[in-house]
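A.B. asks: Provide a 3D model corresponding to the input given below.
(one chain, ligands or ions: 1)
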Amino acid sequence: MIEQPYVYRHRELVEPDWRRLPGWSGITAEEWASAQWQRAHCVKNIRQLRQLIGDGLDERFYADLERDQAERATMSMLVPPQMVNTMVPHLSPADPGFTEAFYSDPVRRYMIPVFSDRRSDWPSHPEASRDSLHEAEMWAVEGLTHRYPTKVLAELLPTCPQYCGHCTRMDLVGNPTPLIDKHKFAMARDDRLGAMLDYLRRSPGVRDVVVSGGDVANLPWPRLESFVTDLLAIDNVRDIRLATKALIGLPQYWLTDEVRAGMERLAALARQRDVSIAIHTHANSAQSVTPIVARAAKAMLETGIRDVRNQGVLLRGTNDRTEQLLDLCFALLDDAKIMPYYFYMCDMIPNAEHWRLSLAETQRLQHDIMGYLPGFATPRFICDVPYVGKRWVHQVARYDQELGISYWTKNYRTGVELDDAFALEREYEYYDPIHLLPEAGQEYWRSRITTPVAVGAAG
Ligand code: SF4
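C.D. replies: Next comes the predicted model:
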């Protein structure tokens, strides 16, 4: 009998032993379980990484990282111990081959990017930009993006407990890097949040609010609870989604007594008001799904919320193979009860070409995962097209694979086109990475721009 392209096996989740890392050799289980300890011991710079891992990692890695931070990084470094510990889970720094394993690790590839990861020919696509989804243009009030007719995105704060190298909100989120100054909210936080609620009260057509950031795990719990409680008092709001990668990167936070008790109150109020609250999280690799992540996700479900769903990002070197994606989906579904929901194509931000897949590659991955997962848990692969919004990758209207340009249509006006009579007749473009194009396509792009771009602060 010929073996199937993917063979399912239930795999027990494993918490890697953090004591294999020299800097944490004396850390107790109680300390590890503490959200406060996790936040206080995040790796924020090369010195701290060196103190943690020491000589097990070659000097060339530290130099590679230093150069990336100086010349390419769009996000500053912030990696909670929980996430560091999922990198190279089976080796200790003293083991032979640790440096190579660290270089090729799927989580390291997007949480601690280094210069040699990036493309030297086309580090950025010429059409890449900060705020590539034009969210700020669509702010109804500062931080409240009204792109789709019935739903809004509320960016409550510009920070996270962890910073991902590929962050699509690199324009706003995190600390500045040598290349990228961050946009700063002009209004005071409470005024902004109040203005968002006022807007929603006078927008009866909006029924769905994504409460995001940044990451809601960085808002003091009482402030988040009071904002969601106020949302629940608005008649037209029927769906609330709380966006937090911390469920994966800092699950200890979602397991604290304060947060569990607060989520129980919100879930009870939501039930009373017949509103759905869900948590949306962001895992990109099966090794990120550990027993403590599963405990946190199940603790949230036990509060009575509707669901916990995953929105991953497709990243070359992290999850660009069918097997990696299915392993992740089964890890989420089997033991953590997290619903695989979306995989986004990596957005067209600066210096991201080494991560991005082409539309054709993504369509192939969508094809290849079909039929293994239950239909309700089969994730959709999504291209977030500027000025359009999320489209399933097979919804493309036209696709020029030589130039790497796909053309998309839409069926609603975004917040910036309410008076545009032609918005629904136009086609909107999206671009494949140039280094994947046939020579004629690459030549087309070279002829349009003489110096390949590595976008910096002015990008
Ligand atoms: S958690 Fe989300 S918002 Fe925060 S850095 Fe990562 S991708 Fe960006």
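A.B. asks: need the contact partners of the helix or strand harbouring E429.
C.D. replies: Per DSSP states H and E, E429 falls inside strand 428-431. By CB atoms under 8 Å, 6 or more residues apart in numbering, the residues outside strand 428-431 that reach it are 125, 127, 348, 359, 383, 385-388, 404-410. Where C-beta positions appear, they are placed from N, C-alpha and C, glycine not excepted.
A.B. asks: name the nearest of the residues you listed relative to the ligand.
C.D. replies: Nearest to the ligand among the contacts of strand 428-431, counting by CB to the nearest ligand atom, is M348 at 14.9 Å.
A.B. asks: wait, what's in contact with that closest one?
C.D. replies: Taking CB under 8 Å, 6+ apart, one finds 125, 127-129, 132, 356, 386, 430-431 in contact with M348.
A.B. asks: what pLDDT does the residue of the stretch 201-350 of the chain found nearest the ligand get?
C.D. replies: Using CB to the nearest ligand atom, the closest approach of the stretch 201-350 of the chain to the ligand is made by K245 at 3.6 Å. Turning to K245, the model gives it a pLDDT of 98.
A.B. asks: kindly report the same for M196.
C.D. replies: Looking at M196, the pLDDT reads 98.
A.B. asks: same question for A454.
C.D. replies: Note on A454: pLDDT of 56.
A.B. asks: return the residues of the stretch 201-350 of the chain in contact with the ligand.
C.D. replies: 214-215, 245, 282 (CB under 6 Å from any ligand atom).
A.B. asks: give me the buried subset of these.
C.D. replies: 214-215, 245, 282 (16 or more other CB atoms under 10 Å).
A.B. asks: okay if I get these as TSV plus secondary structure?
C.D. replies: Shown next, in TSV, are these (DSSP: H, G, I helix; E, B strand; the rest coil):
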residue	secondary structure
G214	coil
D215	coil
K245	coil
H282	coil
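A.B. asks: name the element V152 belongs to?
C.D. replies: Counting by DSSP H and E, V152 is part of strand 151-155.
A.B. asks: tell me the strands beside that strand, with direction?
C.D. replies: Strands that pair with strand 151-155, judged by DSSP bridges, come out as strand 144-145 (antiparallel), strand 208-212 (parallel).
A.B. asks: other residues contacting it?
C.D. replies: 135, 140, 143-147, 169, 172, 196, 200, 203, 206-214, 239.
A.B. asks: that one close to the ligand?
C.D. replies: No: using CB under 6 Å from any ligand atom, strand 151-155 never reaches the ligand; the gap is at least 9.0 Å.
A.B. asks: leaving aside the residues next to it on the chain, what's closest to L373?
C.D. replies: Spatial nearest neighbour of L373, chain neighbours left out: C329 (5.5 Å); criterion: CB to CB, 6 or more residues apart in numbering.
A.B. asks: the one you found against P374, yeah?
C.D. replies: No: with contact defined as CB atoms under 8 Å, C329 does not count as touching P374 (10.0 Å).
A.B. asks: who's more crowded, these two?
C.D. replies: For the pair C329 and P374, the greater number of neighbours falls to C329 (26 against 8), based on other CB atoms under 10 Å.
A.B. asks: and the more buried one, that one's in a strand?
C.D. replies: No: per three-state DSSP, C329 lies outside any strand segment and is helix.
A.B. asks: list the contacts of it.
C.D. replies: Applying CB under 8 Å, 6+ apart, the residues contacting C329 are 340, 369, 373, 377, 379.
A.B. asks: per-residue pLDDT, it?
C.D. replies: At C329, pLDDT is 98.
A.B. asks: next one: T414
C.D. replies: 87.
A.B. asks: spell out the secondary structure type for it.
C.D. replies: Under three-state DSSP, T414 comes out as coil.
A.B. asks: that one and the ligand, how far apart?
C.D. replies: Note on T414: its distance to the ligand, by CB to the nearest ligand atom, to the nearest Å, is 21 Å.
A.B. asks: kindly report the same for Q366.
C.D. replies: With CB to the nearest ligand atom as the criterion, Q366 and the ligand are 21 Å apart.
A.B. asks: which helix or which strand is home to that residue?
C.D. replies: Assigned by DSSP H and E, Q366 falls in helix 359-369.
A.B. asks: need the CA coordinates for that helix. CSV is fine.
C.D. replies: Presented in CSV, the C-alpha positions along helix 359-369 are these (Å, rounded to 0.1, in the frame of the first residue of the first chain):
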residue,chain,number,x,y,z
LEU,A,359,0.3,33.3,-4.0
ALA,A,360,0.9,30.1,-6.0
GLU,A,361,2.8,28.5,-3.2
THR,A,362,0.0,29.4,-0.8
GLN,A,363,-2.7,28.0,-3.0
ARG,A,364,-0.7,24.8,-3.2
LEU,A,365,-0.5,24.6,0.6
GLN,A,366,-4.2,25.2,0.9
HIS,A,367,-4.8,22.4,-1.6
ASP,A,368,-2.5,20.0,0.2
ILE,A,369,-3.9,20.3,3.7
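A.B. asks: switch to numbering from 3
C.D. replies: With 3 as the first residue, the last one maps to helix 361-371.
A.B. asks: quick one: contacts of that helix?
C.D. replies: By CB under 8 Å, 6+ apart, helix 361-371 touches 7, 316, 322, 324, 327-328, 331, 345, 347, 359, 380-383, 385, 394-396, 398, 401, 403, 408, 432, 434, 438.
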